[in-house]
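Undergrad: based on what follows, work out the 3D shape:
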Amino acid sequence: MSGDFTSDQKRYLEGFVAGAEAMRGAQPTAPPAAAPPAPMGPDAAHFAAQDALAAAGKKLADQEKWKRAEHPFDAYARLKAQAKAGAFPKPDDNFRWRYFGLFYVAPAQSSYMMRLRIPNGILSHAQFAGLADLAERHAGGYAHVTTRANIQMREIAPASATAMVEAVQDLGLCSRGSGADNIRNVTGGATAGVDPQELYDTRPLAREWHFHILNDRSLTGLPRKFNVAFDGGGRIATLEETNDIGFQAVRVGEGAGVEPGVWFRVVIGGITGHRDLARDVGIVCRPEECTAIADAIVRVFIDGGDRTDRTKARLKYVLDGWGAEKYLAAVEAKLGRPLTRVAATAIAARPPVDRAAHIGVHAQTQAGLNWIGLALPVGRMTAEQMRGLAAIAHHFGDGDLRLTVWQNLLVSGVADDNVEAAKAAIEALGLDWRANALRAGLVACTGATGCKFAAARTKEHALDIVAHLEGRLSLDAPVNIHLTGCHHSCAQHYIGDIGLMAVKVARGEDEEAIEGYTIVVGGGFAERARIGRELWREVPFAACHGKIEGLLRAYLGARTGPDESFQAFADRHEPETLRTLAGAQ
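TA: This is a model prediction of the structure:
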């Protein structure tokens, strides 16, 4: 066989060698990287918001990492295991269990506190008596009415944690989502459906929103907690202006470009602990639109809220950063339609609130029936008193007990012929249906007795201050005194006529700081909504009695007349003048 290649073979070999050389010189090409899958499921919007912040180089708050690592509602089996072992949670689970309404409150108390969901604050007598039984069986034998027309129970041992959660559900109530980064208990008019003055019965609206939240997991795990309230224009203030969203029943007149009648004005961004009330953004809606609009407002907050800084993670701060119009445009995009705008001049003034209507006997819109408001000492009731109140509602009323944002409750539907018997039964429980102008407006948070954030024992101090004042002066006009344990302002001290925020007051270099308060004056709500002004800083508690007494004596002596409110009196004077007047008494 000849060693020479033919011309065709030579061309083939040259091509083969050239191809091999080219292959040896070529670098391998990696396949294109696959894009990470988009978040899916009910938590998708929350995860997408987290991812956007992380992509921008920001560090998520620990709570955001905990929610993503394991959604609290997926961890109930571990909560049950901890209860079986009698164990308290570590920080991440302490946060998660708040989704079930359980707050581990150490070091103030080595136990859980439970907060419920009670839409519009209305309970049946059977539910109320059932809660009394649970307070004795699993908690400390008492309960508190809160400033969100809710009930909380304390001193729940770890072994009782899931038993309490499940027993509450057996009563037809729940605690789901009542804590942590969720939409909290929805408040409504305390006298909804029975108030001759009200414009709209808020009960069906609160109920609709309540079940909307419970049945849509995508509305859990917000950047921070979220409050919604419905005010129907009744005699008892709902304090909707302190909420992230407030729906205010108003009457719209002719010539406004919409059908005249009762609408709801939408106010947004309230958070009194950060010195802000919800702002009127010129939006109104029909009652049947409230849930859809609230849903859209919340979903824009889910997308745009701060998940890196817990102190700036409320709706107020999104509004501050974006401006109201940008936020409303995003809400309209979620809704898929424009919001209804009406000039403020076309809206009639809200019917005035009656600052005494939550105490005593008041005629209902139903002829021959009344509600009776009880004065609870800073919201506290024993289990025995709760059972007695349930019996009063059952035997003398319509069977309902109505909680108010003033830390008390009403028994509704009491017939004229039963009023005296109901009064006597209330007094027999060691409670009262009467209250002077000081006790009727006394509000206090849990304080250091049960809250690790509080700097003073607010409930005890509130009762002590009022007892001091009652022995020295008599008021003929309502004055609200609010004591809150820290800057979170659960007792909303900034809207009180006189507000006290607990602080630790430094003494000598080697002495332990003592309990004290910073005092503000001139706050208000409803038609007089306003944030109070600071008057004194870091006052030792022992000195607070005298300062408040001096302030009230100055009011009684220097007001323009008995019709001038304390807020109006305070507004007429600069802080330095008020301090001088109080000191001269």
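Undergrad: what ranges do the strands span in the stretch 51-200 of the chain?
TA: Assigned by DSSP state E, counting those that start in this stretch, the stretch 51-200 of the chain shows strands spanning 102-104, 112-115, 122-124, 142-145, 151-156.
Undergrad: that should have said the stretch 301-450 of the chain, apologies.
TA: With strands called from DSSP E, counting those that start in this stretch, the stretch 301-450 of the chain shows them at 340-341, 360-363, 369-374, 380-382, 400-403, 409-415, 442-444.
Undergrad: for the chain, give me the ranges with low pLDDT.
TA: Within the chain, the stretches with pLDDT under 70 are 1-36.
Undergrad: go with 90
TA: The chain contains residues with pLDDT under 90 at 1-40, 471, 507-511, 584-585.
Undergrad: find the residue at the geometric middle of it.
TA: Centroid check for the chain by CA atoms, centre = their mean gives Asn227 as the closest residue, at 4.7 Å.
Undergrad: what's the spatially closest residue to that residue that is not a sequence neighbour sitting at in phi/psi?
TA: Of all residues not flanking Asn227 in the chain, Asn243 sits nearest, at 4.1 Å (CB to CB, 6 or more residues apart in numbering). C-beta coordinates here come from the backbone N, C-alpha and C atoms, glycine included. Note on Asn243: its backbone torsions stand at phi -100, psi 160 [degrees, to the nearest 10].
Undergrad: and Asn243, how far is that from Gly179?
TA: Distance, Asn243 to Gly179, using CB to CB, to the nearest Å: 17 Å.
Undergrad: okay, the two: which has more neighbours?
TA: Neighbour count, other CB atoms under 10 Å: between Asn243 and Gly179, Asn243 has more, with 28 against 22.
Undergrad: quick one: Arg265 is in a strand?
TA: Yes. Counting by DSSP: H, G, I helix; E, B strand; the rest coil, Arg265 is found in a strand.
Undergrad: what is the burial count for it?
TA: Neighbours of Arg265 (other CB under 10 Å): 22.
Undergrad: I figured it was touching Arg286, is that so?
TA: No. The pair Arg265 / Arg286 is not scored as a contact, 11.8 Å apart, by CB atoms under 8 Å.
Undergrad: apart from its chain neighbours, what residue comes closest to Thr220?
TA: Closest to Thr220 by CB to CB, 6+ apart is Asn182, at 5.3 Å.
Undergrad: sorry, that was for Leu376
TA: Leu376 sits nearest to Asn408 (CB to CB, 6+ apart), 4.7 Å away.
Undergrad: you'd agree Asp497 is up against Val521?
TA: Yes. Asp497 lies in contact with Val521 (CB under 8 Å); the separation is 6.9 Å.
Undergrad: if we can go back for a sec, list the contacts for the residue nearest to the centre of the chain?
TA: Asn227 makes contact with 148, 183-184, 187, 242-245, 270, according to CB atoms under 8 Å, 6 or more residues apart in numbering.
Undergrad: any idea which of those is closest to Ala69?
TA: Using CB to CB, Ile183 is the member of those that lies nearest Ala69, at 22.2 Å.
Undergrad: show me what contacts the closest one?
TA: Going by CB under 8 Å, 6+ apart, Ile183 touches 177, 213, 219, 222, 225-228, 298.
Undergrad: how much space between it and Ala75?
TA: Ile183 sits 20 Å away from Ala75, going by CB to CB.
Undergrad: next one: Leu102
TA: From Leu102 to Ala75 the distance is 12 Å (CB to CB).
Undergrad: tell me which of those two has more neighbours.
TA: Comparing Leu102 with Ala75 by other CB under 10 Å, the one with more neighbours is Leu102, at 27 against 19.
Undergrad: please report how far that one lies from His46.
TA: Applying CB to CB, the value for Leu102 to His46 is 22 Å.
Undergrad: which parts of the stretch 101-250 of the chain are helices?
TA: 125-138, 161-170, 203-214 (DSSP state H, counting those that start in this stretch).
Undergrad: for Ala375, find the nearest of those.
TA: Nearest to Ala375 among those is helix 125-138 (17.4 Å), distances taken as CB to CB.
Undergrad: can you list the buried residues in that closest one?
TA: Within helix 125-138, the residues that count as buried by 16 or more other CB atoms under 10 Å are 125, 127-132, 134-136, 138.
Undergrad: host element of the closest residue to Arg341 other than its chain neighbours?
TA: Once flanking residues are discounted, Arg341 sits nearest to Gly282: 5.1 Å by CB to CB, 6+ apart. In the assignment (DSSP states H and E), Gly282 maps to strand 279-285.
Undergrad: next: Gly516.
TA: Using DSSP H and E, Gly516 maps to strand 514-521.
Undergrad: which is the next helix or strand following that strand?
TA: By DSSP H and E, the next helix or strand past strand 514-521 is strand 533-540.
Undergrad: mind listing what that next one pairs with, with the direction of each?
TA: The sheet places strand 533-540 alongside strand 514-521 (antiparallel), with pairing taken from DSSP bridges.
Undergrad: now the partner strand: buried residues?
TA: 515-521.
Undergrad: distance from the chain centre to it, please.
TA: 23 Å (CA atoms, centre = their mean, to the nearest Å).
Undergrad: how about stretch 564-580?
TA: Offset of stretch 564-580 from its chain centre (CA atoms, centre = their mean): 30 Å.
Undergrad: what residues of that stretch count as buried?
TA: 565-567, 569-570, 573, 578-579.
Undergrad: just stretch 348-358 next, same as before
TA: Residues 350-351, 353, 355-358 are the ones in stretch 348-358 that count as buried (16+ other CB under 10 Å).
Undergrad: ends of it, what's the gap?
TA: Separation of the first and last residues of stretch 348-358 by CA to CA, to the nearest Å is 24 Å.
Undergrad: contact partners of it?
TA: Contacts of stretch 348-358 (CB under 8 Å, 6+ apart): 190-191, 197-199, 231, 233-237, 248, 250-253, 373, 404, 406, 408, 410, 440-441, 478, 480, 525-527.
Undergrad: could you rerun that using 6 Å?
TA: If you take CB atoms under 6 Å, 6 or more residues apart in numbering as the criterion, stretch 348-358 is touched by 197, 233, 235-237, 251, 373, 404, 406, 408, 478, 526-527.
Undergrad: pull out the buried members of those.
TA: By neighbour count, with 16+ other CB under 10 Å, the contacts of stretch 348-358 hold 197, 233, 235-237, 251, 373, 404, 406, 408, 478, 526 as buried.
Undergrad: closest one to Leu556 out of the residues you listed, please.
TA: Pro478 (13.4 Å).
Undergrad: now the closest one, what's its secondary structure?
TA: Under three-state DSSP, Pro478 comes out as coil.
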